[in-house]
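In: Structure, please.
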Amino acid sequence: MYEDLIIWQESMRLVEDVYRLTSTFPDNEKYSLTSQIRRSAISIPSNIAEGKGRNSDKEFKQFLYIARGSLFELRTQLEIARRVGYIKSNKEIKNKIVAIESMLNTLITKL
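Out: Numbering: from 1, shown residues only. Presented below is the predicted three-dimensional model:
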């Protein structure tokens, strides 16, 4: 089951952190940067789950690549939020992103 994967569990915690972080963004960002950041974060565990539910390692690997792309997208969007002054550098989230990237790379290599 995908819920047993540590990478999925960590990705879900990242989503929770992202929701808490973006709840402080200005209201005028609700349908733009806030929404985009949240969708990118949600995409990570969603693609891990969907890939795990597929019938082959090849398909799972493809979904892990998509999850990694979403992770890079999230990283970029958080940097934009920092540059425009919505957040300060958040080491906790950055560390989680780096850890998830490493887990994704390891799992992709093993498949």
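In: Count residues in the vicinity of Gln36, would you?
Out: By other C-beta atoms under 10 Å, the residues close to Gln36 number 18. C-beta here means a position set from N, CA and C on the backbone, and glycine is covered the same way.
In: Provide the contact partners of the helix or strand containing it at residue level.
Out: Gln36 is part of helix 33-52 when elements are defined by DSSP states H and E. The contact list for helix 33-52, computed with C-beta atoms under 8 Å, 6 or more residues apart in numbering, reads 1-2, 5, 7-8, 11-12, 14-15, 18-19, 22, 25, 59-64, 66-67, 70-71, 73-74, 77-78, 80-81, 86, 100.
In: CA atoms only: put that helix into CSV for me.
Out: In CSV, the C-alpha atoms belonging to helix 33-52 read as follows (Å, rounded to 0.1, in the frame of the first residue of the first chain):
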residue,chain,number,x,y,z
LEU,A,33,0.4,31.9,-6.1
THR,A,34,-1.3,30.3,-3.0
SER,A,35,-3.3,28.0,-5.2
GLN,A,36,-0.3,27.1,-7.4
ILE,A,37,1.9,26.3,-4.4
ARG,A,38,-0.7,24.1,-2.8
ARG,A,39,-1.4,22.3,-6.1
SER,A,40,2.3,21.6,-6.6
ALA,A,41,2.6,20.2,-3.0
ILE,A,42,-0.6,18.1,-3.4
SER,A,43,0.7,16.7,-6.6
ILE,A,44,3.7,15.1,-4.9
PRO,A,45,2.0,12.5,-2.7
SER,A,46,-0.8,12.1,-5.2
ASN,A,47,1.5,11.0,-8.0
ILE,A,48,3.4,8.7,-5.6
ALA,A,49,0.1,7.1,-4.7
GLU,A,50,-1.2,6.9,-8.2
GLY,A,51,2.1,5.4,-9.4
LYS,A,52,2.2,2.8,-6.7
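In: Helix, strand, or coil at the nearest residue to Ala81 once chain neighbours are set aside?
Out: Distances taken as C-beta to C-beta, 6 or more residues apart in numbering put Ile87 closest to Ala81, at 5.0 Å, once the chain neighbours are dropped. Of the three states, Ile87 takes coil according to DSSP: H, G, I helix; E, B strand; the rest coil.
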